[in-house]
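Enquirer: what's the 3D shape of this:
(6 chains)
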Amino acid sequence: MSLTPSNYNIVPLIKREGILSVLEKGSRIDGRKFTDFRSLSITQGYAKKAEGSAMVRLGDTAVLAGVKMKEDVPFPDTPDQGNFIVNVELLPLAYETFEPGPPDENAVELSRVVDRGLRDSKAIDLKRLCLVPGKKVWTIWIDIDVLDYGGNVLDASMLAAVAALYDAFLPKVEINGEEVKIIKEEKGERVPMNYPVVSVTVAKLDKFFLVDPELEEETIADTRLSISYLEDGRIVGIQKFGSGTLTTQELDAVESIARASTSRLFEELKKVITRPEGGVTQ
Amino acid sequence: MSLTPSNYNIVPLIKREGILSVLEKGSRIDGRKFTDFRSLSITQGYAKKAEGSAMVRLGDTAVLAGVKMKEDVPFPDTPDQGNFIVNVELLPLAYETFEPGPPDENAVELSRVVDRGLRDSKAIDLKRLCLVPGKKVWTIWIDIDVLDYGGNVLDASMLAAVAALYDAFLPKVEINGEEVKIIKEEKGERVPMNYPVVSVTVAKLDKFFLVDPELEEETIADTRLSISYLEDGRIVGIQKFGSGTLTTQELDAVESIARASTSRLFEELKKVITRPEGGVTQ
Amino acid sequence: MSLTPSNYNIVPLIKREGILSVLEKGSRIDGRKFTDFRSLSITQGYAKKAEGSAMVRLGDTAVLAGVKMKEDVPFPDTPDQGNFIVNVELLPLAYETFEPGPPDENAVELSRVVDRGLRDSKAIDLKRLCLVPGKKVWTIWIDIDVLDYGGNVLDASMLAAVAALYDAFLPKVEINGEEVKIIKEEKGERVPMNYPVVSVTVAKLDKFFLVDPELEEETIADTRLSISYLEDGRIVGIQKFGSGTLTTQELDAVESIARASTSRLFEELKKVITRPEGGVTQ
Amino acid sequence: MLTLQVQKPKLILEDGRRTDGRRPDEMRPIKMEVGILKNANGSAIVEMGKTKVLTAVYGPREMHPRHLALPDRAVMRVRYHMTPFSTDDRKNPSLSRREIEISKVIREALEAAVLAETFPRTTIDVFSEVLQADAGTRLVALMSASLAVADAGIPMRDLIAGVAVGKADGTLVLDLNEEEDMWGEADMPIAMMPSLSQVTLLQLNGNFTPEEFRAAIQLASKGIEELYKLQKETLTSKYSAYKEVN
Amino acid sequence: MLTLQVQKPKLILEDGRRTDGRRPDEMRPIKMEVGILKNANGSAIVEMGKTKVLTAVYGPREMHPRHLALPDRAVMRVRYHMTPFSTDDRKNPSLSRREIEISKVIREALEAAVLAETFPRTTIDVFSEVLQADAGTRLVALMSASLAVADAGIPMRDLIAGVAVGKADGTLVLDLNEEEDMWGEADMPIAMMPSLSQVTLLQLNGNFTPEEFRAAIQLASKGIEELYKLQKETLTSKYSAYKEVN
Amino acid sequence: MLTLQVQKPKLILEDGRRTDGRRPDEMRPIKMEVGILKNANGSAIVEMGKTKVLTAVYGPREMHPRHLALPDRAVMRVRYHMTPFSTDDRKNPSLSRREIEISKVIREALEAAVLAETFPRTTIDVFSEVLQADAGTRLVALMSASLAVADAGIPMRDLIAGVAVGKADGTLVLDLNEEEDMWGEADMPIAMMPSLSQVTLLQLNGNFTPEEFRAAIQLASKGIEELYKLQKETLTSKYSAYKEVN
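Expert: Now for the predicted structure:
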């Protein structure tokens, strides 16, 4: 059951007015332009026990993604595809109101939006995770730990997921017919990625559209729209968050604003994921 | 752990007196005779995605049953029998105090009483749900959704379960030795039913015995006795509900009253379950 | 998440002073010497449906352990060993603040301390629980029900576990290569025990060290140290309970005191576990 | 061909006796004891054949959380639970649907007897632990619970005694054993407040003709009288023993 | 070699029609009814093709536990749930992650419409049960929820109507069927308060070019107008019927 | 014949060194940092070899629900949790029995050090997340927790430092690595408030003679002194750094 939240991270009305009065002057409380992302760092290989990992810091937000895999059986309706599971945890470390326990609806929603962005875009090639059709496939888990909750966790999570997947190797396998021998200790192929995906979130606050909202902006926003893109401009996922509304004209505007931000993110991603053997989109 | 309920659907004392004073005059608050069931409608095939279904309306009570099945392995101690699982849900739609969540003790009790009535009476022929002895059987689920909670949910649930089972077909199977091929898209045989079962509930309220209690009667009843019958008069299940008591003489009386009501229920059931190829008990 | 307990079984300060003033005189509230265990009785075979069982009464504490087993597959990293699971339940029967539900952190801790004492000491021979290496092994469960919570439940649980294991027989098996036939109705070999283990708990209360604390002593103790021993004096497990502290000199002292108590416990155990065919340590 | 398949055994032998040698109207050996736990306010253990159930009662005591308390009576909280080693195959310790249902029918049966209105705003907790399960556990649990409540000094209208009547190879049998429970044609547990002639628990699975149903109730009543007598003796001897000591 | 493998079917046929015979901009047959449950304060059932969802509304009513109540508005509690027999394979009745997400997006969409500030310190409970799932369940649930809220007499800014637009074999299609949902290239559910021209729910999986995205919104808007008209008629006919009776 | 079977490796090599080249009394490389999270009131990350644990502290702050607050002290709420990718095989994110036990022993160890009586009716929340698990996680977690509490400005009797002593091929070894943890004969984690010479955490699995037990404590004490020194430097440098900036 989904409940109206108790405004857990409520910003006093006076703060809202303060933020708005700054916006009226064409700037944001941290000095950014409306269309700017915050400072961004992406560090691959941060978690050494993961088969691939990436720490992403986006302003005050910190997110750590790790990839694990295991041999598994395919689902009956996708006998020639691997399994792919995204799990976002809003850890109690990350924010003062977060409690330990199973993922709440916010964490579940984040997991599912990241999952769809990576799956339906075909960014990850699930067919190449099949070992023996109908019998044996890889299950890939990507676990995303939110460590510091400073706004726009979704875009940071998508960056971390993509960077961690590009960092990851499958174990070595030797296949003889239906016999599969897994040599855990040795690295095999990379996790098969076709291309990166980025997500851009735009908050609507009164008449303003703010890219990459930080926590206070996010808290007082009327609604947020998160759009996932490929580098060629195709939209591969959308999620509207929050109970505010938008007109169809505003949807147009937000999509254009979001698309304009993608080049910066692809650039930052490519600094870490470009591979010697031929680049990210091979 | 079972707790004394917080009289969630408490009827004010004054209402109790009102109901009793009507009963003293030989009638019930809705005008029925003590031994009358309320209006009853049974609609098979209401839920199109189920392999069999039935909607039952009994006065203000509405109950929807659906049948699903899947290939399974038998339990070790019944290698030549299919599995049969009854699950009653008191959905939060149905009554103001019902909350979402796993079935509470009332729902569990209803499930188990319906299950025993169908299983121990041999109304459903579990042996004919065996595909390959010791290896492969059908699991039949009958899920019963209580949609409107207007009293005497048990008798309505039993009617819905029986009508849904008589409505249901197994998928087509081709068996070659231990090889079982299931053709999900095609209808196979009917779910093997030997005969219908009905449940009759009698509420004891002061010195009165009321067949098919509606919600207010049920709420103020001292106790209820639900008896399941075959058409030949055999008793195939009993459950006493509530913390009131009965003498053995009262048990005699209640059983006679309940048995007298069964013919109406079998008649109504047979209107929908009689099959062209030979009637309900073939 | 672990919380500071709400001092559920708090002893008023005045009681603490009372207990301390008795200790100052060299005795305990129940008249025992500091190094004395309470009266102890061990009854094997108390629970007739278990494959082995033992009821232990230690002062006002009552604990019942039962052994069950089933055929199982080994864990991949221990292909030639049986599985062994200890589960302590602090039943709501046992104490006024105990609630029904899954084991809390105290029950989990007790389970794990008993498990380590029996497993890491090699008291139970897990290799002899292997039927077909890599394929089939025994899983042994030892369930420990705390029935009356009167202090020092750990030492009582360890005694009950050991006595129950020595009481237990595996079902008869006939092995032909990888074919294993289990004849449940017939007793086979004993559960393979190498030797008994005992646990001795010493409570630190102000400057006093009290062996086998009863409930009130335990409640006001600063900390408790539980040490498990083999008969030859080897230490096979330690757990410090509670948030008090000890110096390394005090650790020395406590270990010596604890070790001195073991002979009494081994004696009591051997009264019940000595076997005609050669004694406990064969 | 399938060796897994188990055959129904003969339940009534040539001499009219049952598989365990009893006559159809004969109950299994019974033992009862009260006051065996130290911490509980009341406790009892009852054995009937190889079925053994221990019950502890706490209360009347303050209800937590408060909003579940009732203004006019004590809330009864009842748990029927089987210990993992009480059954042939180990039982998972978490509550099964069967245990949930039985906890409810035992609670309702007890509420008929306990004078809960004497203790408004409190709770009376009844925890039954099945130590050995061998047919009839709900009735043995209910009898031990009623003794434990009495042992706790909580006023009752009457004690509760109960027994199952079944049908085995067409014969009505009193106090089913496990084979009759599994292979018989009917199993009807029934419990009463004997001195008030009131039925507090009644269930049936299997099948009875209306005539068999009535005969089964008569047969049960005989057994219940015996059990009730024993319950009263158990309580009396404990308290007379106390008197001697004091 | 593997017979398990399922081939993507052709979704747009030679004649430009879809697998179920519809034109790309044609919706499935729709039925709506309100006030069909007795106990609920409001209720509605909506069918769209073979998708069928029943919603009950309780409230505004007192919030339990109290500390979750909000001083300035009603809390909305929304559950989207699929009955076990609503899907091809039986669905486990416990809430899946998918149901948790959909409950949230439906709640947020409803909150945009319901005048919750009219009822501070209360709760408005919306329970949707999917009886048949065949594509579009979240939108059918949302429409039935908005009708049920209206039927409960709770004031709203506007009703909510919604439909999915997808892409099948490169063609934009309105109101996906299950085959298009499974095999199509995109699925974008969108819901609006039509008379206010406000979007209350928007999701997309699959892929659209920016141009397709804009065209899809236009296509959806047309469908939404139709659905909205039907919703209003459904409510009017119920209440005019009432008037005649009175 | 069975290739699954894994052989115990030699743990102490010819030259008296361990499998990772350390001497028996040598600890793994250690790194510590405090104040690395923005939202938490205090935070610290500690690495010891390939084990890495991050801890955040929130509080002292109001306790919810209120009735769990204590009138004379802060309640400490401690969670030790392993992230799913911290282990060789993915760890299920729900709390295991092992994590439940370790959370408890860490809480008790911290309670010995934290002056909880300074903040009655509040809660101090300590959340440790194991990012890499490679032996010694509970002690690394406890050290990072004690640093994070200090970083939050909560007064303590002393910091807590801890290390495991084990027995490998009969030799006492300090700060076990994963191979020694799996194949060694004993593993004794011990933690102390070093300047007070008080042991706050002590566990043992495996076996020690009484003499080995005493020697192991001596060996641990040496390691603990080193760790403690580093902890103090970590805190000092952070706060002296602050001073320079101001």
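
Enquirer: Could you use CA atoms for every contact and neighbour count after this?
Expert: OK.

Enquirer: Retrieve the pLDDT associated with residue 221.
Expert: Assuming you mean chain A. Listed pLDDT for residue A:221 reads 93.

Enquirer: should've been chain D
Expert: 98.

Enquirer: From chain B, how far off is it?
Expert: 9 Å (C-alpha to the nearest C-alpha, to the nearest Å).

Enquirer: Check the secondary structure at that residue for me.
Expert: Here residue D:221 is helix, with the state taken from DSSP: H, G, I helix; E, B strand; the rest coil.

Enquirer: Run a quick neighbour tally on it.
Expert: Residues near residue D:221, counting by other C-alpha atoms under 10 Å in any protein chain shown, number 23.

Enquirer: now the one 5 residues further on
Expert: When neighbours are counted by other C-alpha under 10 Å, residue D:226 registers 12.

Enquirer: same check, this time on the one 3 residues further on
Expert: Counted with other C-alpha under 10 Å, residues neighbouring residue D:229 total 12.

Enquirer: need the strands for chain D, in chain order.
Expert: D:30-34, D:42-48, D:51-62, D:75-82, D:122-132, D:161-168, D:171-174, D:186-193, D:198-208 (DSSP state E).

Enquirer: Format these as CSV; extra columns: mean pLDDT, mean neighbour count and distance to residue F:7.
Expert: Output for the strands of chain D, formatted as CSV (pLDDT from 0 to 100; neighbours: other C-alpha atoms under 10 Å in any protein chain shown; distance: least, C-alpha to C-alpha, whole Å):
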stretch, mean pLDDT, mean neighbour count, distance to residue F:7
strand D:30-34, 97, 19, 55
strand D:42-48, 98, 26, 51
strand D:51-62, 97, 26, 48
strand D:75-82, 98, 26, 42
strand D:122-132, 98, 27, 43
strand D:161-168, 98, 28, 58
strand D:171-174, 98, 23, 61
strand D:186-193, 98, 26, 57
strand D:198-208, 97, 25, 57
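
Enquirer: CSV for the ones you listed, including distance to residue A:170?
Expert: Listed next are those as CSV, based on distance: least, C-alpha to C-alpha, whole Å:
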stretch, distance to residue A:170
strand D:30-34, 64
strand D:42-48, 59
strand D:51-62, 55
strand D:75-82, 46
strand D:122-132, 51
strand D:161-168, 62
strand D:171-174, 66
strand D:186-193, 59
strand D:198-208, 56
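
Enquirer: Any idea which of those strands gets closest to residue A:122?
Expert: Among the strands of chain D, strand D:75-82 comes nearest to residue A:122, with 51.1 Å by C-alpha to C-alpha.

Enquirer: Now that closest one - C-alpha only, CSV.
Expert: In CSV, the C-alpha atoms belonging to strand D:75-82 read as follows (Å, rounded to 0.1, in the frame of the first residue of the first chain):
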residue,chain,number,x,y,z
VAL,D,75,-8.3,-9.8,26.0
MET,D,76,-7.2,-13.4,25.7
ARG,D,77,-4.1,-14.1,23.6
VAL,D,78,-3.7,-17.7,22.8
ARG,D,79,-1.0,-19.5,21.0
TYR,D,80,-1.0,-23.2,20.0
HIS,D,81,2.5,-24.0,18.8
MET,D,82,4.3,-27.3,17.9
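
Enquirer: For residue A:13, report the pLDDT, please.
Expert: Confidence at residue A:13, expressed as pLDDT, is 75.

Enquirer: and the gap between it and chain C?
Expert: From residue A:13 to chain C the distance is 35 Å (C-alpha to the nearest C-alpha).

Enquirer: Quick one: neighbours of residue D:108, just the number.
Expert: 25.

Enquirer: Confirm for me that it is in contact with residue B:240.
Expert: No: Residue D:108 lies out of contact with residue B:240 (C-alpha atoms under 8 Å); the separation is 9.4 Å.

Enquirer: Now do the shared contacts for those two.
Expert: Counting by C-alpha atoms under 8 Å, 6 or more residues apart in numbering or on different chains, the common neighbours of residue D:108 and residue B:240 are residue D:201.
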